[in-house]
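J.: sequence first, then the predicted structure:
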Amino acid sequence: MANTFELRVVTPEGEVLQEDVEFVLVPGEDGELGFLPNHAPLIAGINTGVLRYNVNGGKKKIALSGGFVEVADNQATILADTAEKGEMIDLDRAIAAKDRAEKRLSLKAEETDIKRAEFALRRALARISAAEK
Ligand code: ATP
């Protein structure tokens, strides 16, 4: 039996990753979802967070903002609004986005769109976490 399966990460901007991997941990809507080769077919929603995967004995991370994961035929496909490989993340930009969102949330101004600021904060935190080695 194969000890790898194909992981694809796709956004409206294009394909971010297509690689044969050993293990994937996805931030599912109801908690983390782990996949090994030959997993049963599944479709699930994903949260903004960090996808982790193992390849050639090493561990890697991708920051995701919400979407879906589909597993079928020894292939896991992630469709996300945005996705960045850890090494591609502009950490200063993510920290600036986090600071901006936190400031908006702490000011509690009437015109603040709280949900929007919370989502921005979540995206920034996911990027900061995925950028860490
Ligand atoms: P910002 O306020 O910094 O733009 P954002 O959360 O509003 O952050 P998004 O709308 O989620 O940004 O993403 C817009 C585009 O920029 C996407 O293509 C996304 O992959 C990319 N992107 C956002 N933040 C970063 C980052 N820190 N490093 C690399 N790419 C990023």
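T.: Structure received. Quick caveat, the model's predicted, so the values are computed rather than measured.
J.: quick check: residues of this structure near the ligand?
T.: 13, 65, 82, 84, 88-90, 93-94, 97, 120, 123, 127 (C-beta under 6 Å from any ligand atom). Bear in mind the C-beta positions are built from the backbone N, C-alpha and C, glycine included.
J.: Arg123: neighbouring residues, count only.
T.: 23 (other C-beta atoms under 10 Å).
J.: ramachandran angles for it?
T.: Main-chain torsions, Arg123, degrees, to the nearest 10: phi -60, psi -40.
J.: that one touches Ala83, doesn't it?
T.: No. Using C-beta atoms under 8 Å, Arg123 is not in contact with Ala83; the gap is 11.0 Å.
J.: continuing past the host helix or strand of Leu17, what's the next helix or strand?
T.: Element membership of Leu17 [criterion: DSSP states H and E] is strand 14-21. Using DSSP H and E, the helix or strand that follows strand 14-21 in sequence is strand 23-28.
J.: what does that next one contact?
T.: 7, 32-36, 44-54, 64, 69, 76, 78 (C-beta atoms under 8 Å, 6 or more residues apart in numbering).
J.: alright, I will stop here.
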